[in-house]
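S.K.: output the structure for:
(chains A and B)
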There are 2 protein chains.
Amino acid sequence: MFSDMPVGIFDSGVGGLTVMKEIIKALPEEHIIYLGDTARVPYGGRSSETVRRYSVENAAVLVSRGIKLLVVACNTSSAVSLEVLRKQFSVPVIGVVEPGARAAVEMTRRKKVAVIGTETTINSGSYETAIKAIDESIEVFGVACPLFVPLIEEGWTEGEIVDLTARKYISLMNNSVDTVVLGCTHYPMIKHVISRIVNIPLIDSAIETAKEVRTVLEEKNMRCSGAGEKMRKFLVTDSADKFARVGERFLEYKISDIEKIDLVG
Amino acid sequence: MFSDMPVGIFDSGVGGLTVMKEIIKALPEEHIIYLGDTARVPYGGRSSETVRRYSVENAAVLVSRGIKLLVVACNTSSAVSLEVLRKQFSVPVIGVVEPGARAAVEMTRRKKVAVIGTETTINSGSYETAIKAIDESIEVFGVACPLFVPLIEEGWTEGEIVDLTARKYISLMNNSVDTVVLGCTHYPMIKHVISRIVNIPLIDSAIETAKEVRTVLEEKNMRCSGAGEKMRKFLVTDSADKFARVGERFLEYKISDIEKIDLVG
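M.R.: Model prediction:
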C-alpha cells in the first residue's frame, strides 16, 4: 500500500538526522529511509545550480527506492531546490526552512527575530526571505556561527569550549530580538547550551519540520497503517563507518542498516 | 628570462598563504602567483582520483600563465598528486609534506614524532609514510585536530577558546614525543598558542617548504635577478572578497591583484 511506503529524507551529511529523530518521535509508526550525501558535503560553498543537481540526484535515488514523501533536511538544498524537486517528482516535498520560518512568525511579539546558522545559510538570506514572505514587517537578524558545526561533529557539545563559543556568538546578536531560529540542522545538538545563555524562545527547525510532515501525511491520508518493525534505512555516498559513528550521537539510535551508494560527483 | 618568471603556488583555499608568506620572507626578490581553488575547498573529503584531477587543473592554469616552479601548498594534493604533476609538467614541483617530514627526522632525538593535522591528513598517513621512507625506526603519532581550521578561519587565534581547544588536542598526544609537525598549512597561524602549551620543537611545514624552494631555485640557477616591483598575483575560483579578507590575515600583506577564474567542477 502506498501509505506503507517510507518517508524519504536527504541531507548533505549527518545534520539531517536531527530532523529524522524528530520525525521518529512525532511519527514512530512511519518507515524512514535517509540519504546522507557525505561524499559531497558540505553543499554550502557550491553554486545554486550544482546544489540543485545534487538534490535532484539524491531525490531520484530515494524515489527509485519507493517513498511517499520527501523531506529535504538540508538548509542549502531547501533554499534553492524545492521548486525543481516539486516539478520533477510527484511525491510531496517538504524543506526545513519554511516550517522554521513559520514558527518564528507565530512566536515573535516584538517582530524581531534572530536566525543563527552556517555562513552560507546566513549569507543566502533564506530564512529572512521565508519570514518576510509571511510578514514583511518582521526584522530578521542573521548571525553566522561557523564553529558550531565542527564543535558538534567533534562531539564537544558540553563543557567550557562550546559554552564560551556560544556566548561569543550570542553576544553578536541584536539584543532586541525575542525569538531565535536554529537555522542549521546540527544546532539542536547544542540547544541546551544556547538555552542556558539566551532567555528567549528557540525555534527548532527539526521539530517544526516533523510537525509539517505529520500535517501533510494526515491531510493526504498517507499515514502508515501497518504494525510490526519499522524500516530505519541509511544510504551514504562516502564511508559508512564515520557516518554511523557521528550519526548515532545525532539520532540517539543505533545505525545498523547502512548502505554505501555511488553518485557521480 | 626564464628565471624572472614567477613561482606558482596552489592550494584548495587560503591555507597555502602561510607557505607564500614564508617564501616571500625567504625569497623576497621572487615574483609569485597564487591560485586558491576556493570553489572546491576542502579537498580533504574527496577521492584521490578527484584530488589528482583538481591538482592537474590548478597546475595547468598556473603553467599557462608562465611559472618556473610549482609549489603544491595543500597537504591533500601533496599526498596524492606530486607524481602525476611531475609527469605532466616540466617545471620542478615541490609539495609541503616531504620538507616537513625531513625536518622532523633531523630534529627528533628519541625517534618519536607527533603530527597534528586535519582528520583527512592524519587518516591518510602521508606524514608517517614520508617520515618512515627516510627512517623506518621513527614512531609517528598522528593527532587529528578538526577544530583548528575553523577557529583560524574565524580569526579566533588568541584567547581562551583557542587555548582550551589546543590544550584538549595536545592532551591526546603521546607524551614521549620530542618533536611536533604542524601538518596543516593553517596551523602556523596558532603556532604561538601551541608553543605555549608544548615545550618541544615545532616543525613548521611552511618554513621548511620555503627553504626547499630556495634550495631548488639555487641548484637550478633559477633565482630571479631582476630588481623593481615584485608580482603578488592571486587567482581564486570563488568569491574574491572572502579570500582577500581572510587571506590578508594569513599573509600579513595586502591582497589587491586578485582575479576570479572558472574551473569546471
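
S.K.: neighbours around A:C74, how many?
M.R.: Here the number of neighbours of A:C74 (other CB atoms under 10 Å in any protein chain shown) works out to 33. Bear in mind the C-beta positions are built from the backbone N, C-alpha and C, glycine included.

S.K.: can you tell me the closest non-neighbouring residue to it?
M.R.: Using CB to CB, 6 or more residues apart in numbering or on different chains and skipping the chain neighbours, the partner closest in space to A:C74 is A:D11 (4.4 Å).

S.K.: what about that neighbour, neighbour count?
M.R.: Around A:D11 there are 29 other residues, counting by other CB under 10 Å.

S.K.: equivalent analysis for the one 10 residues further on, please.
M.R.: A total of 18 residues lie near A:K21 under the criterion other CB under 10 Å.

S.K.: I'd guessed it sits against A:A206; true?
M.R.: Yes. Assessed by CB atoms under 8 Å, A:K21 is found in contact with A:A206 at 7.1 Å.

S.K.: rewinding a little: I'd say the residue nearest to A:C74 and A:R40 touch.
M.R.: No. In this structure, A:D11 sits apart from A:R40 without contact. The criterion is CB under 8 Å, and the distance is 11.2 Å.

S.K.: how long is stretch A:5-20 end to end?
M.R.: Start-to-end span of stretch A:5-20 (CA to CA, to the nearest Å) is 16 Å.

S.K.: stretch A:42-49 too?
M.R.: 15 Å.

S.K.: give me the number of residues near A:L182?
M.R.: Counted with other CB under 10 Å, residues neighbouring A:L182 total 26.

S.K.: do you know how far it is from chain B?
M.R.: When distance is defined by CB to the nearest CB, to the nearest Å, A:L182 is 19 Å away from chain B.

S.K.: tell me the contacts of that residue?
M.R.: A:L182 makes contacts with A:100, A:116-117, A:188, A:191, A:194, A:202-206, as judged by CB atoms under 8 Å, 6 or more residues apart in numbering or on different chains.

S.K.: can you pull the buried residues of stretch A:82-100?
M.R.: For stretch A:82-100, a neighbour-count test (16 or more other CB atoms under 10 Å in any protein chain shown) marks A:82, A:85, A:89, A:91-100 as buried.

S.K.: check which helix or strand the residue in the stretch 1-150 of chain A positioned nearest to chain B maps to.
M.R.: When you check the stretch 1-150 of chain A against chain B by CB to the nearest CB, the closest residue turns out to be A:P150, at 4.7 Å. A:P150 is part of helix A:148-154, with elements assigned from DSSP states H and E.

S.K.: pull whichever helix or strand comes after that helix out as PDB, backbone CA atoms only.
M.R.: Per DSSP H and E, helix A:148-154 leads on to helix A:160-170 as the next helix or strand towards the C-terminus. Written as PDB, here are the backbone C-alpha positions of helix A:160-170 (Å, rounded to 0.1, in the frame of the first residue of the first chain):
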ATOM      1  CA  GLU A 160      33.700  25.200  28.600                       C
ATOM      2  CA  ILE A 161      34.700  25.400  24.900                       C
ATOM      3  CA  VAL A 162      31.200  25.100  23.500                       C
ATOM      4  CA  ASP A 163      29.900  27.400  26.200                       C
ATOM      5  CA  LEU A 164      32.400  30.200  25.500                       C
ATOM      6  CA  THR A 165      31.900  29.800  21.800                       C
ATOM      7  CA  ALA A 166      28.100  30.100  22.100                       C
ATOM      8  CA  ARG A 167      28.500  33.200  24.400                       C
ATOM      9  CA  LYS A 168      30.700  34.800  21.900                       C
ATOM     10  CA  TYR A 169      28.300  34.300  19.000                       C
ATOM     11  CA  ILE A 170      25.300  35.200  21.100                       C
END
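
S.K.: packing partners of helix A:160-170?
M.R.: Helices and strands touching helix A:160-170, as assessed by 3 or more CB pairs under 8 Å, 6 or more residues apart in numbering or on different chains; DSSP states H and E, comprise helix A:148-154, helix A:191-197, helix B:160-170.

S.K.: just the angle between the longest one and helix A:160-170, please?
M.R.: Angle of helix B:160-170 versus helix A:160-170, following axes from the mean of the first three to the mean of the last three CA atoms, to 10 degrees, is 150 degrees.

S.K.: can you tell me the average pLDDT over helix B:160-170?
M.R.: In this model, helix B:160-170 has an average pLDDT of 97.

S.K.: buried ones in that helix, by neighbour count?
M.R.: For helix B:160-170, the buried set under the neighbour-count rule, 16+ other CB under 10 Å, comprises B:161-162, B:164-166, B:168-170.

S.K.: just these now: which is nearest A:Y253?
M.R.: A:Y253 lies nearest to B:K168 out of these, by CB to CB, at 27.7 Å.

S.K.: quick one, what contacts the closest one?
M.R.: A:156, A:161.

S.K.: are there helices or strands packed against the helix holding A:P150, and which ones?
M.R.: Counting contacts by 3+ CB pairs under 8 Å, 6+ apart, helix A:148-154 is packed against helix A:160-170, helix B:148-154.

S.K.: what strands line up against the helix or strand that comes right after the first one, and which way round?
M.R.: Spelled out, that is helix A:160-170. Once helix A:160-170 ends, the next helix or strand along the chain (criterion: DSSP H and E) is strand A:179-182. Each strand that strand A:179-182 pairs with, and the sense of that pairing, follows from DSSP bridges: strand A:112-117 (parallel), strand A:202-204 (parallel).
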